[in-house]
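A.B. asks: Pasted the sequence and its predicted model underneath.
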Amino acid sequence: MTVVSFSGMTCRLELTGEETDGRVTVIEMTIEPGAGAPLHVSPGEDKYFRVLRGTFDFQAGDERRLAREGDTIRVARGAVHGFTSRGERPGALLLVSTPAGHDAFFRDMAALPVPHTQSDVEEVCRRHGQAITGDRL
């Protein structure tokens, strides 16, 4: 199992595209308070997030909500989505993404020099079919 870190997130790549013949990626993410993913679009993937620990501001499509431990959030392909970990301790999410491929995006983000430049992040997003559309919640 591979563990990668970037932007306040530590991600355990539980199942990768190579392991599932391209069908699904499963990632457990530990997210520091105030960290998360800015609003973005993943046109080629359906995603399912399960809150394992903590509380998150979450947006999926037009719905914005406070997600708590045990909640599941579905993000359809092409829907704008993003999240921010709230609270005093790190939160955790389980991400299931189909088809597979999000693990490669996470690996490439973790390989960027720190601090990341906007152009480097945009290039990784372009290579993996992601588009940032706004700020973090």
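C.D. replies: That came through fine.
A.B. asks: Just give me the residue closest to the centre of the protein.
C.D. replies: Residue closest to the average C-alpha location in the chain (CA atoms, centre = their mean): residue 37, at 6.0 Å.
A.B. asks: For the protein, which segments are assigned as helices?
C.D. replies: Counting by DSSP state H, the chain has helices at residues 102-110, 118-127.
A.B. asks: I'd like to know which elements the longest one is packed against.
C.D. replies: Put plainly, it is helix 118-127. Helices and strands touching helix 118-127, as assessed by 3 or more CB pairs under 8 Å, 6 or more residues apart in numbering; DSSP states H and E, comprise helix 102-110, strand 131-132. The C-beta positions use only the backbone N, C-alpha and C, and glycine is treated the same way.
A.B. asks: for those, which one sits closest to residue 33?
C.D. replies: Nearest to residue 33, of all the helices and strands packed on helix 118-127, is helix 102-110, at 19.7 Å by CB to CB.
A.B. asks: that older thread, from what I can see the residue nearest to the centre of the chain touches residue 136, true?
C.D. replies: Yes. Using CB atoms under 8 Å as the test, residue 37 is close enough to residue 136 to be in contact (7.1 Å).
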